[in-house]
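*Asks:* This is a predicted model, with the sequence first.
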Amino acid sequence: ERVVLERPDVWNAHAQFQATDNATLLVQVNRGARFAPNGERLTRYGPEGNTLMLLDIHSGALRPLAVGRPHTTSPTGHECWLGQTQTVLATIFRPGQSPLPGPDPEMGLAPDLGTVITLRENEAYRQVPSGQVLMHIGSTFDGRFYHGDWIEQDRLVIGSARTGRAVIVYRDPAASDDCPFDQHSHPHAYLTDNGRWMIFNSDRTGRPQIYAARIPPALLEEVERGS
(Lines give C-alpha, C1' and ligand atoms only; values in the text may rest on other atoms or scores of the structure.)
Protein backbone atom coordinates (compact mmCIF):
# COMPACT_ATOMS: atom_id res chain seq x y z
CA GLU A 1 0.00 0.00 0.00
CA ARG A 2 1.00 3.63 -0.40
CA VAL A 3 -0.43 7.03 0.47
CA VAL A 4 -1.91 8.78 -2.58
CA LEU A 5 -3.41 11.80 -0.78
CA GLU A 6 -3.09 13.23 2.71
CA ARG A 7 -4.77 16.45 3.85
CA PRO A 8 -7.10 17.45 6.72
CA ASP A 9 -10.18 17.97 4.56
CA VAL A 10 -10.33 14.38 3.30
CA TRP A 11 -10.90 12.82 6.72
CA ASN A 12 -14.25 11.43 5.46
CA ALA A 13 -13.19 10.63 1.90
CA HIS A 14 -15.57 7.75 0.98
CA ALA A 15 -13.01 6.93 -1.74
CA GLN A 16 -14.37 4.87 -4.64
CA PHE A 17 -12.56 3.70 -7.78
CA GLN A 18 -14.23 4.30 -11.10
CA ALA A 19 -15.19 0.82 -12.29
CA THR A 20 -13.49 1.11 -15.69
CA ASP A 21 -10.49 3.23 -14.62
CA ASN A 22 -8.20 2.00 -11.86
CA ALA A 23 -6.37 5.33 -11.70
CA THR A 24 -9.34 7.56 -10.79
CA LEU A 25 -10.84 7.79 -7.33
CA LEU A 26 -14.00 9.64 -6.39
CA VAL A 27 -13.18 11.55 -3.18
CA GLN A 28 -15.35 13.56 -0.80
CA VAL A 29 -13.62 16.74 0.40
CA ASN A 30 -14.84 18.43 3.61
CA ARG A 31 -13.56 21.90 2.85
CA GLY A 32 -12.47 23.85 5.92
CA ALA A 33 -12.09 20.84 8.24
CA ARG A 34 -9.54 21.50 11.01
CA PHE A 35 -7.63 19.27 13.43
CA ALA A 36 -5.64 19.99 16.56
CA PRO A 37 -1.95 18.94 16.70
CA ASN A 38 -2.95 15.91 18.80
CA GLY A 39 -5.26 14.71 16.01
CA GLU A 40 -8.54 15.81 17.60
CA ARG A 41 -11.02 17.01 14.99
CA LEU A 42 -12.03 20.62 15.67
CA THR A 43 -14.44 21.19 12.78
CA ARG A 44 -16.12 18.76 10.36
CA TYR A 45 -16.09 21.41 7.60
CA GLY A 46 -16.09 25.16 7.15
CA PRO A 47 -18.74 27.45 5.64
CA GLU A 48 -18.03 26.11 2.14
CA GLY A 49 -19.04 22.61 3.22
CA ASN A 50 -18.52 19.35 1.34
CA THR A 51 -17.72 18.84 -2.30
CA LEU A 52 -16.59 15.97 -4.54
CA MET A 53 -13.38 15.66 -6.53
CA LEU A 54 -11.66 13.13 -8.76
CA LEU A 55 -8.19 12.03 -7.68
CA ASP A 56 -5.49 10.79 -10.04
CA ILE A 57 -3.75 8.23 -7.84
CA HIS A 58 -0.48 8.51 -9.79
CA SER A 59 -0.03 12.29 -9.79
CA GLY A 60 -2.10 13.16 -6.72
CA ALA A 61 -3.97 15.81 -8.73
CA LEU A 62 -7.53 16.62 -7.67
CA ARG A 63 -10.15 17.64 -10.22
CA PRO A 64 -13.35 19.29 -8.89
CA LEU A 65 -16.93 18.34 -9.66
CA ALA A 66 -19.74 20.91 -9.73
CA VAL A 67 -21.43 20.04 -6.44
CA GLY A 68 -21.64 21.91 -3.15
CA ARG A 69 -21.24 25.66 -2.83
CA PRO A 70 -21.36 27.67 -5.06
CA HIS A 71 -23.03 25.18 -7.44
CA THR A 72 -25.61 23.39 -5.27
CA THR A 73 -26.73 23.04 -1.71
CA SER A 74 -24.46 20.91 0.44
CA PRO A 75 -24.07 17.25 -0.52
CA THR A 76 -25.40 14.93 2.16
CA GLY A 77 -22.06 13.12 2.18
CA HIS A 78 -23.35 10.16 0.15
CA GLU A 79 -22.36 9.51 -3.44
CA CYS A 80 -21.29 6.74 -5.83
CA TRP A 81 -20.30 5.95 -9.39
CA LEU A 82 -23.29 5.13 -11.56
CA GLY A 83 -22.32 1.63 -12.56
CA GLN A 84 -19.48 1.40 -15.08
CA THR A 85 -19.98 4.91 -16.43
CA GLN A 86 -17.96 8.05 -15.84
CA THR A 87 -21.00 9.55 -14.13
CA VAL A 88 -21.30 10.22 -10.40
CA LEU A 89 -24.61 9.95 -8.56
CA ALA A 90 -25.02 12.05 -5.40
CA THR A 91 -27.68 13.31 -3.00
CA ILE A 92 -27.89 16.90 -1.83
CA PHE A 93 -29.89 18.72 0.80
CA ARG A 94 -33.07 20.51 -0.12
CA PRO A 95 -32.78 24.32 -0.25
CA GLY A 96 -33.20 25.59 3.30
CA GLN A 97 -32.30 22.19 4.81
CA SER A 98 -28.53 22.47 4.46
CA PRO A 99 -26.56 22.28 7.74
CA LEU A 100 -24.27 25.09 6.56
CA PRO A 101 -24.68 28.68 7.76
CA GLY A 102 -25.82 31.36 5.36
CA PRO A 103 -28.10 31.23 2.32
CA ASP A 104 -28.05 28.29 -0.04
CA PRO A 105 -26.99 29.00 -3.65
CA GLU A 106 -29.62 29.58 -6.30
CA MET A 107 -29.57 26.31 -8.21
CA GLY A 108 -32.62 26.36 -10.39
CA LEU A 109 -33.65 22.93 -9.08
CA ALA A 110 -37.31 22.03 -9.04
CA PRO A 111 -38.02 21.26 -5.36
CA ASP A 112 -40.68 18.67 -6.16
CA LEU A 113 -38.30 16.63 -8.33
CA GLY A 114 -36.16 15.34 -5.49
CA THR A 115 -32.58 15.58 -4.29
CA VAL A 116 -30.70 13.15 -6.57
CA ILE A 117 -28.23 14.62 -9.06
CA THR A 118 -25.71 13.28 -11.56
CA LEU A 119 -22.26 14.74 -12.18
CA ARG A 120 -19.62 14.44 -14.86
CA GLU A 121 -16.22 16.07 -15.05
CA ASN A 122 -16.27 19.53 -16.66
CA GLU A 123 -20.06 19.51 -16.84
CA ALA A 124 -22.86 21.09 -14.81
CA TYR A 125 -24.87 18.90 -12.47
CA ARG A 126 -28.15 17.39 -13.68
CA GLN A 127 -31.17 16.80 -11.48
CA VAL A 128 -32.68 13.31 -11.68
CA PRO A 129 -36.46 13.94 -11.62
CA SER A 130 -37.24 11.16 -9.18
CA GLY A 131 -39.48 13.17 -6.86
CA GLN A 132 -37.66 11.47 -3.96
CA VAL A 133 -35.70 13.04 -1.12
CA LEU A 134 -32.87 10.58 -0.46
CA MET A 135 -29.69 10.32 1.60
CA HIS A 136 -27.66 7.11 1.21
CA ILE A 137 -27.38 6.12 -2.43
CA GLY A 138 -25.78 3.38 -4.52
CA SER A 139 -25.91 1.80 -7.96
CA THR A 140 -26.04 -1.64 -9.47
CA PHE A 141 -22.85 -2.58 -11.31
CA ASP A 142 -24.47 -2.22 -14.72
CA GLY A 143 -25.78 1.26 -13.85
CA ARG A 144 -29.38 0.40 -14.78
CA PHE A 145 -30.73 1.12 -11.29
CA TYR A 146 -29.84 3.17 -8.27
CA HIS A 147 -31.00 2.47 -4.75
CA GLY A 148 -31.43 4.98 -1.97
CA ASP A 149 -33.01 5.65 1.38
CA TRP A 150 -34.26 8.36 3.69
CA ILE A 151 -34.08 7.78 7.43
CA GLU A 152 -37.52 9.27 8.14
CA GLN A 153 -40.02 6.39 7.92
CA ASP A 154 -37.14 4.15 6.76
CA ARG A 155 -38.11 4.89 3.16
CA LEU A 156 -36.36 2.71 0.53
CA VAL A 157 -36.36 3.61 -3.17
CA ILE A 158 -35.27 2.06 -6.46
CA GLY A 159 -34.86 4.37 -9.45
CA SER A 160 -33.38 4.85 -12.89
CA ALA A 161 -31.12 7.81 -13.63
CA ARG A 162 -31.91 7.33 -17.33
CA THR A 163 -35.71 7.50 -17.13
CA GLY A 164 -36.00 9.53 -13.92
CA ARG A 165 -38.60 7.07 -12.62
CA ALA A 166 -38.35 5.97 -8.98
CA VAL A 167 -40.57 3.79 -6.81
CA ILE A 168 -40.81 3.29 -3.07
CA VAL A 169 -40.26 -0.36 -2.20
CA TYR A 170 -40.60 -0.08 1.58
CA ARG A 171 -41.44 2.42 4.29
CA ASP A 172 -42.47 2.21 7.90
CA PRO A 173 -44.91 5.02 8.80
CA ALA A 174 -44.22 4.37 12.50
CA ALA A 175 -40.48 4.95 12.13
CA SER A 176 -39.21 8.36 13.21
CA ASP A 177 -36.01 10.11 12.19
CA ASP A 178 -34.51 10.26 15.69
CA CYS A 179 -32.18 7.27 15.05
CA PRO A 180 -32.02 5.89 18.62
CA PHE A 181 -29.20 3.56 17.57
CA ASP A 182 -27.35 6.22 15.59
CA GLN A 183 -25.95 4.83 12.31
CA HIS A 184 -27.33 1.38 13.07
CA SER A 185 -30.83 2.86 12.73
CA HIS A 186 -30.16 4.06 9.16
CA PRO A 187 -31.49 1.76 6.42
CA HIS A 188 -28.23 1.80 4.36
CA ALA A 189 -30.18 0.02 1.64
CA TYR A 190 -28.70 -1.61 -1.44
CA LEU A 191 -30.08 -3.57 -4.38
CA THR A 192 -28.38 -6.83 -5.32
CA ASP A 193 -26.95 -6.84 -8.83
CA ASN A 194 -29.46 -9.39 -10.04
CA GLY A 195 -32.22 -6.98 -8.96
CA ARG A 196 -33.99 -9.57 -6.85
CA TRP A 197 -33.41 -8.28 -3.33
CA MET A 198 -33.21 -5.02 -1.42
CA ILE A 199 -31.04 -5.43 1.69
CA PHE A 200 -31.44 -2.92 4.52
CA ASN A 201 -31.25 -2.23 8.25
CA SER A 202 -34.31 -1.59 10.41
CA ASP A 203 -34.96 -1.18 14.13
CA ARG A 204 -38.68 -1.93 13.73
CA THR A 205 -38.46 -4.63 16.44
CA GLY A 206 -36.77 -2.27 18.90
CA ARG A 207 -33.23 -3.16 17.89
CA PRO A 208 -31.28 -2.93 14.62
CA GLN A 209 -31.50 -5.99 12.40
CA ILE A 210 -30.83 -6.81 8.74
CA TYR A 211 -33.72 -7.47 6.37
CA ALA A 212 -34.17 -8.57 2.77
CA ALA A 213 -37.13 -7.47 0.63
CA ARG A 214 -37.92 -9.48 -2.51
CA ILE A 215 -38.24 -7.23 -5.58
CA PRO A 216 -40.80 -8.28 -8.23
CA PRO A 217 -39.40 -8.15 -11.80
CA ALA A 218 -42.41 -6.06 -12.85
CA LEU A 219 -41.30 -3.29 -10.50
CA LEU A 220 -37.91 -3.01 -12.19
CA GLU A 221 -39.58 -3.05 -15.59
CA GLU A 222 -41.77 -0.13 -14.47
CA VAL A 223 -38.71 1.83 -13.36
CA GLU A 224 -36.89 1.25 -16.65
CA ARG A 225 -39.99 2.07 -18.68
CA GLY A 226 -40.34 5.45 -17.00
CA SER A 227 -43.51 7.51 -16.83
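*Replies:* Cool, the structure landed. Residues are numbered from 1 along each chain as shown.
*Asks:* what about the top strand by length along the chain, average pLDDT?
*Replies:* Ranked by number of residues, the top strand in the chain under DSSP state E is strand 21-31. In this model, strand 21-31 has a mean pLDDT of 96.
*Asks:* same question, stretch 100-110
*Replies:* So the average pLDDT for stretch 100-110 ends up being 76.
*Asks:* Check stretch 130-149 too.
*Replies:* Here the average pLDDT along stretch 130-149 is 92.
*Asks:* Please point out which parts of that stretch sit buried.
*Replies:* Buried residues in stretch 130-149, counted by 16 or more other Cβ atoms under 10 Å: 130-140, 143-149. Glycine gets a C-beta too; all of them are placed from N, C-alpha and C.
*Asks:* Show residues contacting the longest strand of the chain.
*Replies:* With contacts defined as Cβ atoms under 8 Å, 6 or more residues apart in numbering, strand 21-31 is touched by 4-5, 9-18, 44-46, 48-58, 62, 68, 75, 77, 79-81, 86, 88.
*Asks:* Identify each of the helices in this protein and give its residue range.
*Replies:* 217-225 (DSSP state H).
*Asks:* mind showing which ranges of it have poor pLDDT?
*Replies:* Scanning the chain for pLDDT under 70 picks out 107-111, 175-179, 227.
*Asks:* One more pass at 90, please.
*Replies:* The chain contains residues with pLDDT under 90 at 1, 94-114, 129-132, 150-155, 170-188, 190, 193-195, 201-209, 226-227.
*Asks:* burial count for A166?
*Replies:* Residues contacting A166 under the criterion other Cβ atoms under 10 Å number 24.
*Asks:* Please name the bridge partners of it.
*Replies:* G159 (DSSP bridges).
*Asks:* Just checking: what are the partner strands of the longest strand of the chain?
*Replies:* With DSSP bridges as the test, strand 21-31 pairs up with strand 16-18 (antiparallel), strand 49-56 (antiparallel).
*Asks:* Show me what the longest one is in contact with.
*Replies:* Outside of strand 49-56, the residues that reach it under the criterion Cβ under 8 Å, 6+ apart are 4-5, 15, 23-32, 61-65, 67-69, 74-75, 77, 79, 88, 90, 98-100, 119, 121.
*Asks:* Drop anything exposed from those.
*Replies:* 5, 24-30, 32, 65, 67-69, 74-75, 77, 79, 88, 90, 98, 100, 119.
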